[in-house]
Every structure is written in structure tokens, then in C-alpha cells.
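> I would like the atomic coordinates for the input below:
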Amino acid sequence: MTYKNLTHHFLIASPQMPDERFADTLVYITRHTPEGAWGFVVNEPLNAISVGGLLGEMGMPSSQQAMNTPALHGGPVRPEAGFVLHTGLPDFASSFAIGESVCLTTSKDILERISEDSLAHFLVCMGFCNWGKGQLDKEVAQGDWIACPADLEILFRAPFEERISLVYDKLGINPDFFVATTGYA
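Sure, this is the predicted structure:
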């Protein structure tokens, strides 16, 4: 099995994906090494939980933009923890660059910037997805995931409900032609 770095890529669960938690999800991979991978579901807004509401729970002021921005279900691991994907530089207390001017920040100082409306593009993800050593490579090789280079337009600007179809369009794939089972001739 060959390792291909999928950092700054989207993954769409294929119809044969055995883990039902990932049905109809678009995952953005933030770190992929031979030792494992991390990513976030970026197309599942949490019902009735806005970024502004989360800021309010922390005693922070929130802008109209934050009140109108939903928090996302980032994945099944640690759903109580918040992570911020954003554009710009990794200049916060706990940030690292992912690629194409996308960063991941886990420190509270970024929330002040969000509450001030001084961050152009951001996603607040509650929880994350992770894979152990070689796990993602194996899943991609067996056809559980379809990979596509990420872009900022889909990641930060596209409506959540259109993101998967935009990635399929980018790949030139019509998902209506997928067959979920294997047949024998």
C-alpha cells in the first residue's frame, strides 16, 4: 500500500463506506502522515447551535455574523471540543498551517477575533475525525473514500448542502452512477 499525503484534500465517503457515521459527509483533511490522519466534517451544521451561541456560553460578546454562522459537527471524536479552521496565518497561541493559507487553531484567542468580526473566513467544528497509522491509506485503497484536492471556495464559501455535489463536479463524477454492491458475471 502506497502512502499519498492527503493533507488539504476533501474526502467523500463512497457508497461502500462501512461506517454509517460518514454517509453523506465531506471531510477536510488537516494532517496526514504515515503515522495517521486528522480531519473535520465540513458539511454538517449543528442544529440550533451557532458560533455566536457558543461565544455567549463562554461569556464572550458575539457579532451578527457569529450569530448567523452555525457551528459544525466536525466528527465523532471529542464532540465537546471546538476547533477553528480559518484563512490567514497561524499567529494564534495554538495554530498550525495546513495549506493554501488555511490554518487550524485550538486556542481561545482566536475566539476573540471571531467575536470582533475580524476574521474573514472561519469554520468552528465541534469534534474531529482521526485515523491511526496506515488506516486512512487502507480505507482509500479499498475504495471507502474518494479524494479531491481542497479549495477555499468550497471550504469556506459554498452552502453546506451543496458542498458534496460541488466536489463531485470538480472531480467530474456523477454520483447517480455509483453502485453500492459488487456483482459477479
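
> and the lengthiest helix in the chain, what does it pack onto?
Longest helix of the chain, by residue count under DSSP state H: helix 163-171. Counting contacts by 3 or more Cβ pairs under 8 Å, 6 or more residues apart in numbering; DSSP states H and E, helix 163-171 is packed against strand 9-13, strand 26-33, strand 145-149. C-beta: built from backbone N, CA, C; applies to glycine.

> isn't there a strand covering I98?
Yes. I98: assigned to a strand according to DSSP: H, G, I helix; E, B strand; the rest coil.

> and the contacts of the lowest-mean-pLDDT helix or strand in the chain?
Of all helical and strand segments in the chain, the minimum by mean pLDDT, DSSP states H and E falls on helix 64-67, at a mean of 87. With contact meaning Cβ atoms under 8 Å, 6 or more residues apart in numbering, helix 64-67 is reached by S50, V51, G52, G53, L55, I114, S115, D117.

> switch to 10 Å and redo it
With Cβ atoms under 10 Å, 6 or more residues apart in numbering as the contact definition, helix 64-67 has outside contacts at 50-56, 60, 111, 114-117, 119, 122, 124.

> check which element follows that helix along the chain.
strand 70-73 (DSSP states H and E).

> averaged pLDDT, that following strand. What do you get?
On average, the pLDDT along strand 70-73 is 96.

> given that strand, what are its sheet partners and their directions?
The pairing partners recorded for strand 70-73 under DSSP bridges are strand 45-50 (antiparallel), strand 122-131 (parallel).

> center of the chain, which residue is that?
Closest to where the C-alpha atoms of the chain average out (Cα atoms, centre = their mean) is F40, at 3.1 Å.

> which residues touch the nearest residue to S165 once chain neighbours are set aside?
The shortest distance from S165 to any non-neighbouring residue, by Cβ to Cβ, 6 or more residues apart in numbering, is to P175 (7.8 Å). Counting by Cβ under 10 Å, 6+ apart, P175 touches I12, S14, P15, I146, I164, S165, V167, Y168.

> what's the burial count for the last one?
Meaning Y168. 17 (other Cβ atoms under 10 Å).

> 856 is where my numbering starts, stick with that
Noted, 856 is the first residue going forward, which turns the last one into Y1023.

> I'd say it and S869 touch.
No. Between Y1023 and S869 there is no contact under Cβ atoms under 10 Å: 11.4 Å.
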